[in-house]
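Sequence and predicted structure below; questions after.
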Amino acid sequence: MLIDCMAVPCVFMVQQRTPDGSGGYKTTWTEGERFRAAIIRDSSTEARIAEAAGTVELYTVTVPRSVHLEYHAVIKRLTDGKTFRITSDNAEKKTPACAALDIAQSNAEAWRLTK
């Protein structure tokens, strides 16, 4: 299937906050569970207008139904190290269990890991 050919290795990024000893926190990111996803840049007119206005790049992330992408989850595409923050819950956009096509989709934005 074409969607399988477009899927690349990805990994969930796990945020950990530890006290820095000065009353604040230090944030570190570690790699979590790996999965495959097709990540496509949104080229709609609305997305291009939003990007021109200074917002982030928008994407659609397609995964198998078994991979749950929660709102605000952070993922990294392993082929180039680019990170994304999920901006919709893919439980709302997935094919039914009886369907031959096994996919779920989420919206995402380009994201930088904070330190």
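Structure received.

Let me see the contact set for Ala73.
Applying C-beta atoms under 8 Å, 6 or more residues apart in numbering to Ala73 gives the contacts 12, 85-86. For glycine as for every other residue, the C-beta is placed from the backbone atoms N, C-alpha and C.

So which of the residues you listed belong to strands?
Among the contacts of Ala73, DSSP state E puts 12, 85-86 in strands.

one step back: out of the contacts of Ala73, grab the one that's most surrounded.
Ile86 (21 neighbours; other C-beta atoms under 10 Å).

give me every residue that touches that residue.
For Ile86, the contact set (C-beta under 8 Å, 6+ apart) comprises 61, 69-75, 106-108.

are any of those buried, and which?
The neighbour-count criterion (16 or more other C-beta atoms under 10 Å) marks 61, 69, 73-75, 106-108 among these as buried.

Closest one to Thr45 out of those, please.
Proximity of the buried ones among the contacts of Ile86 to Thr45 (C-beta to C-beta) peaks at Asn107, which lies at 15.9 Å.

Give the other helices and strands that the helix or strand where that closest one lies contacts.
According to DSSP states H and E, Asn107 maps onto strand 104-110. With contacts defined as 3 or more C-beta pairs under 8 Å, 6 or more residues apart in numbering; DSSP states H and E, strand 104-110 has these neighbours: strand 58-63, strand 83-86.
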